[in-house]
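*Asks:* I would like the atomic coordinates for the input below:
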Amino acid sequence: MGKRMYYVFKIIMEAKGKTITSQEVLERLKEYDIQVDIKTIHSCVHRINEFFYEWIGDNLILIVRKGGLRIQKEFFEDGELQFLCDSIVFHQDLKSEDKKQLVLKLLQLSSYHQQQRLVHFQATEKSLSFSLFLNLSNIMKAIENKTVLTFQYINYEIEAYHLKEVPSLKGNKNDQYILSPYQIVSQNNHYYVIGYNEKYQGRLSTYRIDRMRFIQTTHLSYQDIREQFDMIDEIEKMTNMYTSTLRDTLQLECDHKLLRELVSRFGMDIHIQKLYQDHYLITIENTPISEGLIGWLMMLQDQVKVIAPTALKEDIKKRLMKMVSLYEDVI
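*Replies:* Okay, here's the model as predicted:
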């Protein structure tokens, strides 16, 4: 898309009226030092439509006889654009500046009128000392080029009643970690890189990317030991706190109003048996019995009761008694 096409596209997308005349586009183009005639504008519109047609299956811009030009079909559906913008705005590992820049890029493919239909949420300002985009870009290039990375991995200390970010000293060389990166994965709304750190021979290492600082490439020899592992299984074990090697049949007693919550967590593949009134026995086969599951069950408090496995029920009882003991001295 050349300069003239770009600015014709930009002007039409930014039009606040339902349509914009070719003459108005002509006048606006002068702001960008572009001198053309109306025939050229229509030629640009046809080329813009050809450019987008294979993506959206229709003409992006409609030429209305004696009426001007207007957006006929958006590049994104309203729901798609709303979802993308919200995913950016509420991502906890993104700097405010990075969020704004990425949303602005997305909105360049959206008309003024579509932007008016969006709900523009304002996320809480969060000061971050790193750029997730920069970290991801550096790691992705290193994976492609099979290049070894060095970086700092952060920890926290308390200073004057506040948390202070400090580098971990458990690296290969004090605060310097060395990694042959293999793959980036996303779990629990965080990104991780999996690779090989020779300090931990015979196994893979996983690092949360938002905790990595000063990522640099080195000329050290790249070590690829992936063939020794089932990578899919390793990814599941190392990045998801809700998985476990221990699996069992989980049975829960709960009220009808909790069914949606259960489906959200376990999906539709659950067995339901009515007990009494609005209470049901829920059975989920082959469930990972993990810390994440226990935390989720305890969060539901008295809305759910574990029936089986017995070991899980006893574990939760012990944790509850320990919690009670913490508050025994509270008046």
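*Asks:* any weak-confidence spans in this structure?
*Replies:* 1, 126, 236-245, 330-331 (pLDDT under 70).
*Asks:* quick one: the strands in it?
*Replies:* With DSSP state E as the criterion, the chain has strands at 61-64, 68-71, 149-159, 162-167, 177-187, 190-196, 205-208, 212-217, 247-255, 271-276, 279-288, 304-308.
*Asks:* how much space between T21 and H113?
*Replies:* Counting by CB to CB, to the nearest Å, the gap from T21 to H113 is 17 Å. Every residue, glycine included, has its C-beta placed from N, CA and C.
*Asks:* what does T206 give?
*Replies:* Computed as CB to CB, the T206 to H113 distance reads 45 Å.
*Asks:* then Y222?
*Replies:* In terms of CB to CB, Y222 sits 51 Å off from H113.
*Asks:* try F229
*Replies:* For F229, the distance to H113 - CB to CB - is 52 Å.
*Asks:* cool, A160 as well?
*Replies:* The value you get for A160 to H113, if CB to CB is used, is 51 Å.
*Asks:* higher neighbour count, these two?
*Replies:* Shown here are A160 and H113; by other CB atoms under 10 Å, H113 has more neighbours (15 against 5).
*Asks:* hey, where'd the helices end up in the stretch 1-150 of the chain?
*Replies:* Assigned by DSSP state H, counting those that start in this stretch, the helices in the stretch 1-150 of the chain fall at 3-14, 22-29, 38-56, 78-89, 96-107, 112-117, 132-145.
*Asks:* could you say what helices and strands the last one packs with?
*Replies:* Counting contacts by 3 or more CB pairs under 8 Å, 6 or more residues apart in numbering; DSSP states H and E, the secondary-structure elements packed against helix 132-145 are helix 96-107, strand 149-159, strand 177-187, strand 190-196, strand 212-217.
*Asks:* what's the last one in contact with?
*Replies:* Residues lying outside strand 212-217 but in contact with it, judged by CB atoms under 8 Å, 6 or more residues apart in numbering, are 129-130, 134-135, 138-139, 141-142, 145, 147-154, 167, 193.
*Asks:* give me the residue at the spatial middle of this protein.
*Replies:* Nearest to the geometric centre of the chain sits N189, at 5.3 Å (CA atoms, centre = their mean).
*Asks:* and it, what does it touch?
*Replies:* 91-93.
*Asks:* L60 too?
*Replies:* Counting by CB under 8 Å, 6+ apart, L60 makes contact with 48-49, 52-53, 71-73, 75.
*Asks:* give me the distance between it and L109.
*Replies:* 10 Å.
*Asks:* then V306?
*Replies:* V306 is 49 Å from L109, where distance means CB to CB.
*Asks:* ditto for Y276
*Replies:* In terms of CB to CB, Y276 sits 55 Å off from L109.
*Asks:* do the same with E291
*Replies:* Distance from E291 to L109, by CB to CB: 42 Å.
*Asks:* picking up where we left off before, pick the most buried one from the helices and strands packed on helix 132-145.
*Replies:* Greatest average neighbour count among those goes to strand 190-196 (a mean of 22), per mean count of other CB atoms under 10 Å.
*Asks:* what's the angle from it to strand 177-187?
*Replies:* On the basis of axes from the mean of the first three to the mean of the last three CA atoms, to 10 degrees, strand 190-196 is oriented at 140 degrees to strand 177-187.
*Asks:* give the pairing partners of strand 190-196; include direction for each.
*Replies:* strand 177-187 (antiparallel), strand 205-208 (antiparallel) (DSSP bridges).
*Asks:* need the contact partners of that strand.
*Replies:* With CB under 8 Å, 6+ apart as the test, strand 190-196 has contacts from 93, 132, 136, 139, 149, 179-186, 204-210, 212, 223-225, 231, 234-235, 238-239.
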